[in-house]
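> Give me a 3D structure for the following:
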Amino acid sequence: MLIELYSDMQRNSQKDDIFIYDNIPQEFKNNIFHFIRKDLTLVQLVELYRELLMVRGMKRLIKETYLSNPDVFLDNFIQGFENFIDKEDEVSFHLDLIAIFVNMTNNENIVKGVNTILYKYSLGYQIDTIKNQIIRVDSKLIYKETTTKVLHLLNDTKFENADDEYRDAYAKFKSADYENVLVEANKAFETTMKIICHLKGYGLPKKHTASALIAHLKMNDFIENFQTDKFNGLAKTLESVSIVRNNQGGHGQGITKRDLPMMYAEYALQVTASNIILLIGIYNESL
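Numbering: from 1, shown residues only. Prediction:
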C-alpha cells in the first residue's frame, strides 16, 4: 500500500496556493520600512517603535538618547530602527508593525499602499478595510472555494497551459497591473475550453473566442444541460470574463488614460476560477 509522505503533501498543497504565509522576504522588509519612513514624522516613528516594543514585550535596542532626540541623532535612530525591523523574521512581528502603523495614520491611501506591498511580495495577508483588521487571504470563503480549488484542478499536466495563464493573471494582480489581469484571466478561460475540446475530440471552431468556444461545446452536447433557463444564465456568466475584458481591458486607451479599478480584476479572477472549476468538473464527470 502506497503512503503519501507528509513532505509530498506539503509540496502539493503549496501548488494549490499563490501566496506565502510564513517566510518574510528581505525585499518586503526593506519596502515596508521605506514606506513607513516616508509617511511618518520622526516623532511618530519613535512612537511606533515604543508601541511595538510594548505590544511585543521586547527589549529596547535603540539607545534612549536617540529616542529622546531623534532630530539630533537622525542617522543613528533611523539605522537602529531599520536594523530592529531587519532582524525579525517572525510573521506576527511584521503584521503587528503594520497594524500599529496603519492605526497611527488612519489613512485609506496608506491601507491601499500596504495591501499593494503585501501582494507584491506574495504575502497572504491583507488589511480588510471593512473590519479594519489584518486577515489571511486564505481565510476568505471565496478564495477557498474558487482560487484554491481551481489551482488544485489545474495542477494536472493536461491543463498546464491554463494553469500558467491563471497564475499569470494573479501575478498581474499582485503587481497592480489590473488591465492585464483581465487579459490573462480570459486566456486561462479560453485555454481551458480549447484543452477540453482537444481531449474530447471535438476539434475547434473557426473563431477561438470565449463565446465561440462555448457555442462549440454546446453543439457537441458537452454542456447540454445549459439548455434550461438556469444553465443558460450560467452560460452567459461564462462569457462575462471576455465581455468585461473587451469593454474594459482589451482595446487601446485613446486620449484619456484608463485607470482600471481593482474590483474588475478581482471579479475577473473569481469568475474565471468558478468557470474553470465548472468546466473541468463537467469534463471529469464525462469520463
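> all strands of the stretch 51-200 of the chain, in order?
Secondary structure of the stretch 51-200 of the chain (DSSP state E, counting those that start in this stretch): strands at 125-128, 133-136.
> Can you name the next helix or strand after the worst-scoring helix or strand of the chain on mean pLDDT?
The least trusted helix or strand in the chain, going by mean pLDDT, DSSP states H and E, turns out to be helix 6-15, with a mean of 46. Downstream of helix 6-15, the next assigned helix or strand under DSSP states H and E is helix 26-39.
> Nearest approach to residue 118 belongs to which of the strands of the stretch 51-200 of the chain?
strand 125-128 (5.5 Å; CB to CB). C-beta here means a position set from N, CA and C on the backbone, and glycine is covered the same way.
> Buried residues, the closest one. List them.
Burial within strand 125-128, assessed by neighbour count using 16 or more other CB atoms under 10 Å, is assigned to 125, 126, 127.
> Just the closest of those residues to residue 69, please.
Checking the buried residues of strand 125-128 one by one against residue 69 (CB to CB), the nearest turns out to be residue 127, at 32.9 Å.
> Surely the closest one and residue 103 touch.
No - counting by CB atoms under 8 Å, residue 127 sits too far from residue 103 to count as a contact (10.4 Å).
> now, among the buried residues of strand 125-128, which is nearest to residue 57?
Distance to residue 57, by CB to CB, is smallest for residue 125 among these, at 21.8 Å.
> is it true that that closest one touches residue 95?
Yes - the criterion here is CB under 8 Å, and residue 125 meets it with residue 95 at 6.3 Å.
> residues shared between the contacts of those two?
Taking CB atoms under 8 Å, 6 or more residues apart in numbering as the contact rule, residue 125 and residue 95 both touch residue 134.
> Where does residue 268 sit: helix, strand or coil?
helix (DSSP: H, G, I helix; E, B strand; the rest coil).
> Between the strands of the stretch 51-200 of the chain, which one is closest to residue 64.
Per CB to CB, nearest to residue 64 of these: strand 133-136, 30.4 Å.
> Output the contacting helices and strands for the closest one.
Contacts defined by 3 or more CB pairs under 8 Å, 6 or more residues apart in numbering; DSSP states H and E place strand 133-136 against helix 91-105, strand 125-128.
> how about the residue lying closest to residue 67 once chain neighbours are set aside, what does it touch?
For residue 67, ignoring the flanking residues on the chain, the nearest one in space by CB to CB, 6 or more residues apart in numbering is residue 46 at 5.3 Å. Going by CB under 8 Å, 6+ apart, residue 46 touches 67, 70, 77.
> remind me which residues of the protein are low pLDDT?
1-16, 141, 224-259 (pLDDT under 70).
> what residues go with each domain of it?
Domains of the chain are assigned by automatic domain parsing as 26-137, 141-286.
> And the first one, how far out from the chain middle?
Offset of domain 26-137 from its chain centre (CA atoms, centre = their mean, to the nearest Å): 22 Å.
> can you give me the end-to-end distance of it?
The straight-line separation of the ends of domain 26-137 (CA to CA, to the nearest Å) is 21 Å.
> packing partners for the strand or helix carrying residue 214?
Using DSSP H and E, residue 214 sits in helix 210-219. On a contact count with 3+ CB pairs under 8 Å, 6+ apart, helix 210-219 meets helix 178-200, helix 229-244.
> export it as PDB, just CAs?
The C-alpha trace of helix 210-219 is given here as PDB (Å, rounded to 0.1, in the frame of the first residue of the first chain):
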ATOM      1  CA  ALA A 210     -14.900  32.600 -25.500                       C
ATOM      2  CA  SER A 211     -18.400  32.800 -27.000                       C
ATOM      3  CA  ALA A 212     -17.500  30.700 -30.000                       C
ATOM      4  CA  LEU A 213     -15.900  28.100 -27.800                       C
ATOM      5  CA  ILE A 214     -18.900  27.900 -25.500                       C
ATOM      6  CA  ALA A 215     -21.200  27.600 -28.600                       C
ATOM      7  CA  HIS A 216     -18.900  24.800 -29.800                       C
ATOM      8  CA  LEU A 217     -19.100  22.900 -26.500                       C
ATOM      9  CA  LYS A 218     -22.900  23.300 -26.600                       C
ATOM     10  CA  MET A 219     -23.000  22.000 -30.200                       C
END
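> Much appreciated, bye for now.
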